[in-house]
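Colleague: my questions concern the predicted model and sequence given below.
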Amino acid sequence: MPNRTAVVEFILSGLTNDNHLNVVIFLVLLATFLLILMGNIIIVTITLVDHRLQTPMYFFLRNFSFLETCFTLVIIPRFLYSLLTGRKAISRPTCLLQSFFFFFLGSSTFFHLAVMSFDRYVAICNPLHYITVMSNRVCLYLVLGCWLVSFLLVLPTTILFVRLPFCGLNIINHFYCDTAPLLQLSCTDTGIIEVVVLVTAVLTLISTLTVTIISYGCIISTVMRIPSSTGRKKAFSTCSAHLTVVVILYSSSIFRYIRPGQRGGWDFDNVVSFLYTVVTQLFNPYIYALRNEQVKQALKDACDRVCFKHPNRA
């Protein structure tokens, strides 16, 4: 409207206005943030330096951990800064940039999970052809494809958001720049962009979920035919841990982004968003890699080498 001032910055309301509760959230979130960084950095480092972990599985885990680190850095540090200083203002360009990287890296996460599940399917269901199918070139192309497809999917939405006019109210009912609360603040018709957001979410989530479900379905079917009960139990233990993360991540994301009304976020959206921006980020490095026996042995050997080179002389 002509008599409204264009918005140059937004105010992120956060999770709560209770100062005492914000202190608790800050401490918990800081500890979680450090654990996420530590877990992912350990995975990236150990899979790079240990020759026993130079396989396709750990190549994908290393890239996944790098991706998770980038995703975490997009959301949590800015939220921690807001909780610590009480400054909730974020400039419009910074907000739109955060939104772009959130969806770009978030989409790439789902494609990486689908590729990782396919890798496990080939390894367990077709072990004799594993080296041939998952060659170094194929692995590299799959990872690059995850990044490229994610970028191409998010780009149209980003262009529409950059051109979206904001005027009047500038309070975002969220702890980061998400689509629904941003669409609430726009002073123009957002029907087209809502459709684009919905289509992008459907293409990303449903396609990757289909690959993941089919892969794990074949894996479980193969595991059921293992004659040893100990082998079945071990395999199911690994699969169940992976599937727990998949269920939390996909259920919260589908609830949040695959629904008719993209404009007008709910208060409950903040809780759901917290699940896939913080909780699953904490689970991923410890469930996908640090529970793995080969990774634990590599870490133990690395610690032994460090202790041997630098013995305690006290």
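Modeller: Cool, the structure landed.

Colleague: drop to CA atoms for contacts and neighbour counts, all remaining ones
Modeller: Will do.

Colleague: which stretches of this protein have low pLDDT?
Modeller: 1-5, 231, 234-238, 241, 259-267, 290-291, 308-314 (pLDDT under 70).

Colleague: mind listing the helices for it?
Modeller: Counting by DSSP state H, the chain forms helices over residues 19-49, 56-85, 92-125, 130-133, 136-162, 179-185, 191-224, 229-257, 268-274, 280-288, 293-309, given from the N-terminal end onward.

Colleague: could I get the ones you listed as CSV with distance to S13 and mean neighbour count?
Modeller: CSV is the format used below for those (distance: least, CA to CA, whole Å; neighbours: other CA atoms under 10 Å):
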stretch, distance to S13, mean neighbour count
helix 19-49, 12, 16
helix 56-85, 10, 19
helix 92-125, 13, 21
helix 130-133, 49, 14
helix 136-162, 20, 16
helix 179-185, 11, 22
helix 191-224, 23, 17
helix 229-257, 19, 15
helix 268-274, 11, 16
helix 280-288, 22, 20
helix 293-309, 41, 13
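
Colleague: can you list these in CSV and add distance to N170?
Modeller: Rendered in CSV, the data for the helices of the chain read as follows (distance: least, CA to CA, whole Å):
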stretch, distance to N170
helix 19-49, 22
helix 56-85, 16
helix 92-125, 10
helix 130-133, 52
helix 136-162, 15
helix 179-185, 7
helix 191-224, 19
helix 229-257, 22
helix 268-274, 18
helix 280-288, 29
helix 293-309, 47
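
Colleague: among these, which is nearest E9?
Modeller: helix 92-125 (4.7 Å; CA to CA).

Colleague: now the angle from that closest one to helix 280-288?
Modeller: Using axes from the mean of the first three to the mean of the last three CA atoms, to 10 degrees, the direction of helix 92-125 lies 20 degrees away from that of helix 280-288.

Colleague: helix 92-125 packs against which elements?
Modeller: For helix 92-125, the contact count by 3 or more CA pairs under 8 Å, 6 or more residues apart in numbering; DSSP states H and E identifies strand 9-12, helix 56-85, helix 130-133, helix 136-162, helix 191-224 as packing neighbours.
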